[in-house]
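Enquirer: predicted model and sequence below, questions to follow.
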Amino acid sequence: MTARIIDGKAAAAAVLAEVKARVDAFRATKGRPPGLAVVLVGEDPASQVYVRNKGREAEAAGFRSEQHTLPVTTSQADLLALVARVNADPGIDGILVQLPLPKDIDAETVLTAIDPAKDVDGFHPVNVGLLGSGATDRALVPCTPAGSMILIESVLGPSLAGKHAVVVGRSNIVGKPIAQLLLQRDATVTIAHSRTADLAALCRQADVLVAAVGRPEMVRGDWVKPGAVVIDVGINRIPAPEKGEGKTRLVGDVAYAEAAAVASAITPVPGGVGPMTIALLMANTVTAAHLREGLARPRFGA
Ligand SMILES: Nc1nc(=O)c2c([nH]1)NC[C@@H]1CN(c3ccc(C(=O)N[C@@H](CCC(=O)O)C(=O)O)cc3)C=[N+]21
């Protein structure tokens, strides 16, 4: 079998078109656009690229968009003061504090200081709890998991009843929330991780295999059940001497060519989950704006 390639760029463009239509309607009723504030502490080049892309998409969607870039020496107190300011700004509906934060800042303290109604990353304990208790009418859901579910749905439809989903990785930002979303769609869910016994054999039982470990090409072709749907959440930059000295390339957590020979559908890296993460950030900002204004919750990618 040769897998169908799940086109995350096209799926992201479709979500962004829905976002744009919702922004126009929101602006017409409320007399203002949704607002997104992105906060970056430090000068990590990868983070700068992501934050710039987010700003570009926010403007294309018609948002009010602001970026706050703080020096790496910023104190936790100063960052908390900025969060308090954007929390209090009525024109800002979404706040994203780019991770990772410098080591002297406690990320959990900062994420918990964000107004849960503006928490477009879905990392605040209130949103984590709402997701875990199935309150999908009120929760803001993390972008990468929400985007991954739209890609899965594009292949398998809305119900995963009778399917075994294996999530490799147990992070708070991807593994745990994606497991919750899969469970809500009636999948039978296993969360595997670095301490799981015989990971390869477990993965081979998966009808839906989600790789979110951050280890380049760890999931091999012979870990994939024939006909499985493979979602590769990893984004790893590795040396690519074949492209020239000092050059790099992006690979996922899945050995793509091997897995694509076995799976029925697979997300590429780049061009898979990554573009959906940014699209869902825009969608979450529109959702937050609607909920804050007492409007019906829009649904994206349905
Ligand atoms: N608070 C917070 N929220 C985040 O959502 C968040 C974060 N911090 N910190 C960093 C990670 C990473 N992340 C990505 C988003 C888009 C692509 C993306 O669009 N990737 C392209 C390739 C981009 C490239 O070429 O480098 C693709 O996969 O096709 C990748 C990674 C969001 N993150």
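Expert: Done, it's in.
Enquirer: excluding chain neighbours, what is closest to residue 82?
Expert: The shortest distance from residue 82 to any residue that is not its chain neighbour, by CB to CB, 6 or more residues apart in numbering, is 6.0 Å, and that residue is residue 68. Bear in mind the C-beta positions are built from the backbone N, C-alpha and C, glycine included.
Enquirer: so the one you found lies in a helix, does it not?
Expert: No: under DSSP: H, G, I helix; E, B strand; the rest coil, residue 68 sits outside any helix and is assigned strand.
Enquirer: mind listing what it touches?
Expert: Applying CB atoms under 8 Å, 6 or more residues apart in numbering, one finds that residue 68 lies in contact with 37-40, 82, 86.
Enquirer: got the confidence number for it?
Expert: Per-residue confidence at residue 68 stands at 97 (pLDDT).
Enquirer: now do it against residue 95, distance only.
Expert: In this structure, residue 68 and residue 95 are separated by 10 Å, where distance is defined by CB to CB, to the nearest Å.
Enquirer: go on, residue 65?
Expert: Residue 65 is 12 Å from residue 95, by CB to CB.
Enquirer: quick one, which of the two is more surrounded?
Expert: Counted by other CB atoms under 10 Å, residue 65 and residue 95 do not tie: residue 95 has more neighbours, with 28 against 22.
Enquirer: what's the burial count for the nearest residue to that one once chain neighbours are set aside?
Expert: Of all residues beyond its chain neighbours, the one nearest residue 95 is residue 118 (4.7 Å), with distances taken as CB to CB, 6+ apart. Around residue 118 there are 27 other residues, counting by other CB under 10 Å.
Enquirer: so how many other residues sit close to the closest residue to the ligand within the stretch 51-200 of the chain?
Expert: The ligand sits closest to residue 99 of the stretch 51-200 of the chain, with a gap of 3.8 Å, by CB to the nearest ligand atom. By the other CB under 10 Å criterion, the neighbourhood of residue 99 contains 13 residues.
Enquirer: pretty sure it is touching residue 171, no?
Expert: No: with contacts counted by CB atoms under 8 Å, residue 99 stays clear of residue 171, the gap being 10.6 Å.
Enquirer: for the residue of the stretch 151-300 of the chain at minimum distance from the ligand, give me the pLDDT.
Expert: Going by CB to the nearest ligand atom, the ligand is nearest to residue 274 of the stretch 151-300 of the chain, at 2.1 Å. At residue 274, the model reports a pLDDT of 97.
Enquirer: measure the closest residue to it other than its chain neighbours to residue 14 for me?
Expert: Spatial nearest neighbour of residue 274, excluding adjacent residues (CB to CB, 6+ apart): residue 235 at 5.9 Å. Counting by CB to CB, the gap from residue 235 to residue 14 is 21 Å.
Enquirer: helices or strands up against the helix-or-strand element of the chain with minimal mean pLDDT?
Expert: Among the helical and strand segments of the chain, the one scoring lowest on mean pLDDT, DSSP states H and E is helix 45-60, with a mean of 89. Packing partners of helix 45-60 (3 or more CB pairs under 8 Å, 6 or more residues apart in numbering; DSSP states H and E): helix 8-30, strand 35-41, strand 64-70, helix 273-292.
Enquirer: select, out of these, the one closest to residue 142.
Expert: helix 273-292 (8.4 Å; CB to CB).
Enquirer: send the alpha carbons of the closest one over as PDB?
Expert: Taking only C-alpha atoms (Å, rounded to 0.1, in the frame of the first residue of the first chain), the coordinates of helix 273-292 have been written out as PDB:
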ATOM      1  CA  VAL A 273       0.200  19.200  11.400                       C
ATOM      2  CA  GLY A 274       2.400  22.400  11.600                       C
ATOM      3  CA  PRO A 275       0.200  24.500   9.300                       C
ATOM      4  CA  MET A 276      -2.900  23.300  11.200                       C
ATOM      5  CA  THR A 277      -1.400  24.500  14.500                       C
ATOM      6  CA  ILE A 278      -1.300  28.100  13.300                       C
ATOM      7  CA  ALA A 279      -4.700  27.900  11.600                       C
ATOM      8  CA  LEU A 280      -6.300  26.600  14.900                       C
ATOM      9  CA  LEU A 281      -4.700  29.400  16.800                       C
ATOM     10  CA  MET A 282      -6.600  31.800  14.600                       C
ATOM     11  CA  ALA A 283      -9.800  29.700  15.000                       C
ATOM     12  CA  ASN A 284      -9.400  29.700  18.800                       C
ATOM     13  CA  THR A 285      -9.000  33.500  18.800                       C
ATOM     14  CA  VAL A 286     -12.300  33.800  16.900                       C
ATOM     15  CA  THR A 287     -13.900  31.300  19.200                       C
ATOM     16  CA  ALA A 288     -12.700  33.200  22.300                       C
ATOM     17  CA  ALA A 289     -14.000  36.500  20.800                       C
ATOM     18  CA  HIS A 290     -17.400  34.900  20.300                       C
ATOM     19  CA  LEU A 291     -17.600  33.400  23.800                       C
ATOM     20  CA  ARG A 292     -16.400  36.600  25.500                       C
END
